[in-house]
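# Below are the sequence and a predicted model; questions follow.
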Amino acid sequence: MAAYGLYTHIRKNRRRSVALLIGLFFLVYLMVFAGALIARAFTHDAPLDFLIARAWQDMIVAAPVATIGTAIWILIAYKFHQSLIDAITGGHEVTRAEQPRLYNLLENLCISRGIPMPKLKIMDSESLNAFATGMNEKQYSITVTSGLVARLDDAELEAVLAHELTHIRNGDVRMMVIAVIIAGVISFVAELFFRGMFRSGARWGGSSGSSSSGGGRKGGGAGAAILLAIIIIAVAWALSIVIRFALSRAREFLADAGAVELTKNPDAMITALRKIEGRGELPGVTSSVMEMCVDNPREGFADLFATHPSIDSRVEALVQNAGGRDPGPLELPSPEEETPVEDTTQGESVDAEPGDQASPSQPQRPAGPWNPTEVLTRGPWSGNRN
């Protein structure tokens, strides 16, 4: 299967992603060990090394159960994850009759490379964003917001669709869904542990006096074992989040490059990113879904904890490596400001004088790096413009 973008970089990213997924599975077993250590600490008052040895044996015994449980979790998500995402986002599938412009752009991209067309979905939101989901060719879908369709021109919208299509073809979507599922297991178990610890804290604290007095004679390491288990759980939880972020960040540059390779238009990808910049927040949508979007404005307290590279860094990469032109941050008119222009255009009389038709050269959207008049009259997309 042909890969889009620089093939060597894509192979390297896939190997790295597989290694990170293996790391996530390792964290599952680490959580099992921490649970076994806590169980031993609550039932035995013995030296720390004894508790660790017994917990290790328990972990080996429980590892097959943990593997099967994780596999079942993945199978359930494999079957129902798309329904859950649609329920969260409100995305609904559209046909050519409902969205001919959007449908034709995606279909042309797929036909040009001879690949199956994913399902096309619309999410009713004024935000500017898009994401791809799915685990196989029957499930793959690309969801775009209604705001994105309204605010981007054909070339920019095609670039965003090509970006998401590249995620699908490079295996990023499948990899990200699996990573979110496994990380979800770790987060779920970690939360259960901490909730259980807080609820039993008072009871444990009430009996700590007798335990510590007996522990002095037996070398009791129960307290140290519990502290060690809590540290392990916290570290595993944090690492699962970092791995998810690393998967998300690494794939965005390649998807941008793949979009340029598909469309042969780096300027369109750049202006699309500039228009999406700061306007991609999807209210009510979980962080797991935001990590799959073209841009995720929910940044952490440091760049290390941001799920996506900054728009500036992505645009800089396109300028340096694809020869694109950066118009800088773009200001978009509000939908209220755009409405009168559209209504006036639609309400023009067919008997108007030819000279009255010259005014549509006033762009309804902010101009990118091209002169709007030249694009309409001489640009390569003149046949796609009204």
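Now that the structure is in, tell me what you want to look at.
# Any stretches of the stretch 151-300 of the chain with poor pLDDT?
Applying pLDDT under 70 to the stretch 151-300 of the chain picks out residues 193, 195-220, 246-250, 299-300.
# Tell me where the stretch 1-150 of the chain has helices.
Assigned by DSSP state H, counting those that start in this stretch, the stretch 1-150 of the chain shows helices spanning 7-43, 48-89, 100-113, 146-151.
# deepest of those helices, which one?
helix 146-151 (a mean of 20; mean count of other Cβ atoms under 10 Å). Backbone N, C-alpha and C define where each C-beta goes, glycine included.
# Can you report how many residues lie near S187?
Residues lying near S187 (other Cβ atoms under 10 Å) number 16.
# Name the SS class of the residue lying closest to it once chain neighbours are set aside, please.
Counting by Cβ to Cβ, 6 or more residues apart in numbering, W237 is the residue found nearest to S187 once chain neighbours are left out, at 6.4 Å. Put simply, W237 is helix when judged by DSSP: H, G, I helix; E, B strand; the rest coil.
# So W237 sits against I186, correct?
Yes - if you go by Cβ atoms under 8 Å, W237 and I186 touch, sitting 6.2 Å apart.
# And the residue nearest the centre of the chain, how far from H167?
Residue closest to the average C-alpha location in the chain (Cα atoms, centre = their mean): M292, at 1.7 Å. M292 sits 8 Å away from H167, going by Cβ to Cβ, to the nearest Å.
# Next, show the common contact partners of those two.
A132, V173 (Cβ atoms under 8 Å, 6 or more residues apart in numbering).
# show me where this structure has strands.
Here the chain has its strands, by DSSP state E, at 92-93, 119-123, 130-133, 141-145.
# ok, residues contacting the shortest one?
Surrounding strand 92-93, the residues in contact under the criterion Cβ under 8 Å, 6+ apart are D86, K119, L120, K121, I122, S141.
# And the closest residue to D124 other than its chain neighbours, how close does it get to D86?
Once flanking residues are discounted, D124 sits nearest to S146: 5.2 Å by Cβ to Cβ, 6+ apart. Look at S146 and D86: by Cβ to Cβ, they are 15 Å apart.
# from the contacts of strand 92-93, which is closest to L161?
Lowest distance from L161 to the contacts of strand 92-93 (Cβ to Cβ) belongs to L120, with 8.7 Å.
# Alpha carbons of stretch 130-138, as PDB, please.
Extracted as PDB, the C-alpha positions of stretch 130-138 are listed here (Å, rounded to 0.1, in the frame of the first residue of the first chain):
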ATOM      1  CA  ALA A 130     -11.600  18.000  11.400                       C
ATOM      2  CA  PHE A 131     -10.600  14.500  12.400                       C
ATOM      3  CA  ALA A 132     -10.400  11.000  11.100                       C
ATOM      4  CA  THR A 133     -11.400   7.800  12.900                       C
ATOM      5  CA  GLY A 134     -11.800   4.100  12.300                       C
ATOM      6  CA  MET A 135      -9.900   0.800  12.700                       C
ATOM      7  CA  ASN A 136     -10.400  -0.700   9.200                       C
ATOM      8  CA  GLU A 137     -11.500   0.300   5.700                       C
ATOM      9  CA  LYS A 138     -15.200  -0.300   6.600                       C
END
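# from here on, count from 83
Got it, the first residue is 83 from now on, which makes the last one we talked about stretch 212-220.
# If you count neighbours, what's buried in that stretch?
A212, F213, A214, T215, G216, M217 (16 or more other Cβ atoms under 10 Å).
# and the last one, what are its phi and psi?
When read as degrees, to the nearest 10, the backbone of M217 gives phi -120, psi -10.
# And E413, by the same measure?
When read as degrees, to the nearest 10, the backbone of E413 gives phi -100, psi 130.
# Same question for T368.
The phi/psi pair for T368 (degrees, to the nearest 10) is phi -70, psi 160.
# Quick check, it in contact with L166.
No - with contact defined as Cβ under 8 Å, T368 does not count as touching L166 (9.5 Å).
# what touches both of the two?
Counting by Cβ under 8 Å, 6+ apart, no residue touches both T368 and L166.
# if we can go back for a sec, who has more neighbours out of W319 and I268?
Set W319 next to I268 and count neighbours by other Cβ under 10 Å: I268 wins out with 22 against 19.
# Can you name the residues that contact the more buried one?
L106, L109, V110, M113, A318, W319, S322.
# hang on, the second one packs against A316?
No - in this structure, L109 is not within contact of A316 by Cβ under 8 Å, at 11.7 Å.
# residues contacting the residue nearest to G360 when sequence neighbours are not counted?
Closest residue to G360 apart from its sequence neighbours, by Cβ to Cβ, 6+ apart: P379 at 6.4 Å. By Cβ under 8 Å, 6+ apart, the residues touching P379 are G360, G362, E363.
# for the contacts of strand 174-175, which one is nearest L310?
Nearest to L310 out of the contacts of strand 174-175 is D168 (Cβ to Cβ; 42.3 Å).
# hang on, the earlier thing: which non-adjacent residue is nearest the residue nearest to the centre of the chain?
Using Cβ to Cβ, 6+ apart, the closest residue to M374 is F213 (4.2 Å).
# neighbours around K357, how many?
With other Cβ under 10 Å as criterion, K357 counts 25.
# who's in contact with it?
For K357, the residues meeting the contact criterion (Cβ under 8 Å, 6+ apart) are L210, R233, L234, E238, L412, L414, P448.
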